[in-house]
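Chemist: show me the folded form of this:
(chains A, B, C and D)
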There are 2 protein chains.
Amino acid sequence: MATMHDVARLAQVSVSTVSYVLTGTRPISQATRDKVLAAMAELDYQPNAMARGLASRRSRILGLLMPMDERGLGATETAFVTGAAAAASSAGYHLVLSPVGGGDLDDLRRLASQRMLDGVVLMEVQLADERVTVLQETGVPLVLIGRTADTSTLSYVDIDFDQTVREAVAHLVGLGHRRIVYVNHSAATLASGYGPALRTRDAFVAAMTGHGLDPVMIAAEDSAAGGRAALAAAFARAPELTAVLAMNETAIFGILGELTGRGLSVPGDVSVVSMVTSPQVAELATPALTAMTSPGSALGRIAIEALVRHLDGPAVERHLDGPAVERHQQLLPCALEVRGSTAPPRSRRPVGADQ
Amino acid sequence: MATMHDVARLAQVSVSTVSYVLTGTRPISQATRDKVLAAMAELDYQPNAMARGLASRRSRILGLLMPMDERGLGATETAFVTGAAAAASSAGYHLVLSPVGGGDLDDLRRLASQRMLDGVVLMEVQLADERVTVLQETGVPLVLIGRTADTSTLSYVDIDFDQTVREAVAHLVGLGHRRIVYVNHSAATLASGYGPALRTRDAFVAAMTGHGLDPVMIAAEDSAAGGRAALAAAFARAPELTAVLAMNETAIFGILGELTGRGLSVPGDVSVVSMVTSPQVAELATPALTAMTSPGSALGRIAIEALVRHLDGPAVERHLDGPAVERHQQLLPCALEVRGSTAPPRSRRPVGADQ
DNA sequence: TTGAAAGCGCTAACAC
DNA sequence: GTGTTAGCGCTTTCAA
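Modeler: Reported below is the predicted structural model:
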């Protein structure tokens, strides 16, 4: 493995010159640059990332910390990751994903304190999230996907759940639905402080109330069985329901199965809208689901861009906690994609503009 | 950020002593160790990973290279990742996932050449995979998940597709099915040299032939629509089919939908077995799918263990390509998990032991 | 426009 | 059982 010294010797220049053509930190004459480049090519030189990192105190590596305790990454998360990776790469950074489980807080602290990561994006943030605290203590530049309860000192990008729910409800109401049931994640998930579940719940109540309708919410376990149970509960609570809005990507298959099992057709008897769902999953169902499509890759891109802006920005007071530190806080709504699972309810026509 | 020097000064010992209590590379008296540990705690010392890596020429980081071009990680891949992460962690390594797209071969080469990764696990290997070549050229220790066509010089862990298909077919045949259609990935995927698709195809032909049955294979696009089309094609090719064996986790939802659409019940009229599927996905369907469950986390664990054994093993001739380099080559079968989607065909009873 | 040299924070001989 | 010290391969002053 050739080193910079080898390159310098072959090109008949000093090591610093080689370093400067690599970093572009100071002007180099074309002739010298060519010599150096030729030498590099000849030796198949690759800079040693460790040495570079040690000397420059920057690894040029960004970490994407994602919990993997659950049922895997959906297409949504995947889009997120690829968006982030692309943004990192075009900013000259590597992106590595670190599968941090919930338990290993120490592991997380170590990872962040070892100066191996220039910055970190944390996914699946809870309203009260110890990981955020740990990360803040270590001083690594940090951007969240999702939000903690108190966001005053943090940078984050998140889905605009309020807007998303409002649009979904408006779609159904526009079709003429009045009895709409919201199927959320499980009670346990809600209790654990999972932001999306909590925020969509509140947004649903607000949206329905705004339309003068009664908000009915059911919690469902993340499984097909949970979805079936939730649908049964929904009919118990609101026998005349004509539409289901589901936040739970897993339960929704159970909901559809149970609907079919009860001899009810989608969207003839009951309309179904899936929230924060990828097109891939929406297309899996029969009929394909009308869904609110998450802005996955944009979220990833924006998070990384915010992080990079911070890192590559003026080196001033990067470690001062003064109010001068710029935070990036942004919400992106999901987009309504109408497919085959929504239609006007059987018993009534779409409401008119003046109604 | 405290350095080793600070710790040494506070503990009144030399830096090397601090280093040795950290690495455990030579005996240290209990008294000294305690002093050092106390100093570390007091200063909240964290070793600098870059410096350590530069000096020791080992980053203690393992890379898991996974293509993310597609529809996301299923529960299978997730189990894989968590298995790998756990194994790495308990061997004292960090595991980072790198989302390498198909295109960036140069990016891959750079990543591997920069001495940032002590070893690499490559997922989703194709029969002819340029990435393997690139990686081998860089000289990083490498373990594959999946296999290239020529495995003579490589370490790998893979699913035993032969055995898995044989068991799946045996299950159906045991129930009395004779007309079994195999729904594979798309023709394009097959043409691209995707090992699992190719290997299961061959295994299916072998297994069916072994039972004296006619092997019918249909290629399906990876979508619900693809599944529906495949089922139509299957009925065209084999009108009297009573069972479907599906390799395509995405298409299977279309298959089920189309079956229902034709007024056919599962498993009453047609039995369905899903290959290389996670329990989570299998439970999504109604009825829950009988499936061959992939040994996800075991695969991940074994791959990492093989890599670590290589890295931590005798430092002898690690860069020699002599025949002394031990390769790890192992196949693991999927396990049959019977759920609600398989039953004896309507028209006949299970075959007896002597039949 | 270029070179010399002092580190970055650690590991691992080598010495005792 | 412990200390000294020469690097690891690079970046970045300082000096020309």
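Chemist: contact partners for the residue lying closest to residue A:6 once chain neighbours are set aside?
Modeler: Excluding the flanking residues, the one nearest residue A:6 by C-beta to C-beta, 6 or more residues apart in numbering or on different chains is residue A:43, at 5.7 Å. For every residue, glycine as well, the C-beta is placed using N, CA and C. Shown here is residue A:43, whose contacts under the criterion C-beta atoms under 8 Å, 6 or more residues apart in numbering or on different chains are A:2, A:6-7, A:10.
Chemist: can you map out the helices along the stretch 251-355 of chain A?
Modeler: With DSSP state H, counting those that start in this stretch applied, the stretch 251-355 of chain A shows helices at A:251-261, A:279-284, A:296-312, listed in chain order.
Chemist: got TSV for the ones you listed, with distance to DNA strand C too?
Modeler: TSV is the format used below for these (distance: least, C-beta to the nearest atom of the strand, whole Å):
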stretch	distance to DNA strand C
helix A:251-261	49
helix A:279-284	45
helix A:296-312	18
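Chemist: where among those is average confidence lowest?
Modeler: Between the helices of the stretch 251-355 of chain A, the one with the least mean pLDDT is helix A:279-284; it has a mean of 85.
Chemist: now stretch A:248-267: buried residues?
Modeler: Residues A:248-259, A:266-267 are the ones in stretch A:248-267 that count as buried (16 or more other C-beta atoms under 10 Å in any protein chain shown).
Chemist: between the residues you listed, which is closest to residue A:33?
Modeler: Distance from residue A:33 was checked for each of the buried residues of stretch A:248-267 by C-beta to C-beta. The minimum falls on residue A:249, at 53.1 Å.
Chemist: show the pLDDT at the closest one.
Modeler: You'll see residue A:249 listed with a pLDDT of 83.
Chemist: what does residue A:136 give?
Modeler: We have a pLDDT of 91 for residue A:136.
Chemist: doesn't it belong to a helix?
Modeler: Yes. Counting by DSSP: H, G, I helix; E, B strand; the rest coil, residue A:136 is located in a helix.
Chemist: just the mean pLDDT for the helix or strand hosting residue A:80, thanks.
Modeler: Here residue A:80 sits within helix A:75-90, counting by DSSP states H and E. Within the predicted structure, the mean pLDDT of helix A:75-90 is 88.
Chemist: got the phi and psi for residue A:58?
Modeler: Listed backbone geometry of residue A:58 is phi -140, psi 130, with angles given as degrees, to the nearest 10.
Chemist: what's around it, how many residues?
Modeler: By the measure other C-beta atoms under 10 Å in any protein chain shown, the count of residues near residue A:58 is 16.
Chemist: ok, it touching residue A:118?
Modeler: Yes. Here residue A:58 lies in contact with residue A:118, judged by C-beta atoms under 8 Å, at a distance of 5.5 Å.
Chemist: quick check: neighbours shared by those two?
Modeler: By the contact definition C-beta under 8 Å, 6+ apart, residue A:58 and residue A:118 are jointly contacted by residue A:311.
Chemist: for the helix holding residue A:80, which positions count as buried?
Modeler: Residues of helix A:75-90 classed as buried under the neighbour-count rule (16+ other C-beta under 10 Å) are A:75-89.
Chemist: residues touching that helix, excluding its own?
Modeler: Applying C-beta under 8 Å, 6+ apart, the contact partners of helix A:75-90 are A:62, A:64, A:66, A:73, A:94-95, A:97, A:121, A:123, A:145, A:276-281, A:294, A:296-301, A:303-305, A:308, B:68-73, B:99, B:101, B:104, B:107.
Chemist: so how far is that helix off the chain centroid?
Modeler: For helix A:75-90, the distance from its own C-alpha centre to the chain's C-alpha centre is 9 Å (C-alpha atoms, centre = their mean, to the nearest Å).
Chemist: also stretch A:119-139?
Modeler: Its chain's average C-alpha position is 14 Å from that of stretch A:119-139, according to C-alpha atoms, centre = their mean.
Chemist: ok, stretch A:57-72 next?
Modeler: Centroid separation for stretch A:57-72 versus its chain: 12 Å, with C-alpha atoms, centre = their mean.
Chemist: pull out the buried positions in it.
Modeler: Burial within stretch A:57-72, assessed by neighbour count using 16+ other C-beta under 10 Å, is assigned to A:58-66, A:68, A:71-72.
Chemist: got it, and stretch A:292-311?
Modeler: So stretch A:292-311, judged by 16+ other C-beta under 10 Å, has buried residues A:292-308, A:310-311.
Chemist: surely residue A:218 is in a strand?
Modeler: Yes. With the criterion set as three-state DSSP, the secondary structure at residue A:218 is a strand.
Chemist: so it makes contact with residue A:180?
Modeler: No. Taking C-beta under 8 Å as the contact criterion, residue A:218 and residue A:180 are not neighbours in contact, 11.5 Å apart.
Chemist: need the contact list for residue A:122.
Modeler: With C-beta under 8 Å, 6+ apart as the criterion, the residues that contact residue A:122 are A:65, A:129, A:131-132, A:135, A:142-145.
Chemist: apply 7 Å and report the result again.
Modeler: Residues in contact with residue A:122, defined by C-beta atoms under 7 Å, 6 or more residues apart in numbering or on different chains, are A:65, A:131-132, A:135, A:142, A:144-145.
Chemist: list of residues touching stretch A:50-66?
Modeler: By C-beta under 7 Å, 6+ apart, the list of residues contacting stretch A:50-66 from outside reads A:81, A:84, A:88, A:92-100, A:116-124, A:304, A:307, B:50-51, B:53-54, B:59, B:115-116.
Chemist: quick one: average pLDDT of that stretch?
Modeler: Across stretch A:50-66, the per-residue pLDDT values average to 94.
Chemist: pull up the residues of the stretch 151-300 of chain A that are close to chain B.
Modeler: Taking C-beta under 7 Å from any C-beta of the partner chain as the criterion, the stretch 151-300 of chain A approaches chain B at residues A:223-224, A:250, A:253, A:257, A:280, A:283-284, A:286.
Chemist: again, 10 Å this time
Modeler: A:222-225, A:227-228, A:249-254, A:256-258, A:260-261, A:278-288, A:296 (C-beta under 10 Å from any C-beta of the partner chain).
Chemist: one step back: name the nearest of the buried residues of helix A:75-90 relative to residue B:185.
Modeler: The shortest gap between residue B:185 and any of the buried residues of helix A:75-90 belongs to residue A:75, at 17.5 Å (C-beta to C-beta).
Chemist: can you tell me how far that closest one sits from DNA strand D?
Modeler: Look at residue A:75 and DNA strand D: by C-beta to the nearest atom of the strand, to the nearest Å, they are 38 Å apart.
Chemist: do residue A:118 as well
Modeler: Shown here: residue A:118 relative to DNA strand D, a distance of 13 Å by C-beta to the nearest atom of the strand.
Chemist: does stretch A:36-46 come close to DNA strand C?
Modeler: No. On the criterion C-beta under 7 Å from any atom of the strand, stretch A:36-46 is out of touch with DNA strand C, staying 8.8 Å away.
Chemist: element containing the residue nearest to residue A:204 when sequence neighbours are not counted, please.
Modeler: Nearest non-adjacent residue to residue A:204, counting by C-beta to C-beta, 6+ apart: residue A:182, 4.6 Å away. Assessed by DSSP H and E, residue A:182 sits inside strand A:180-184.
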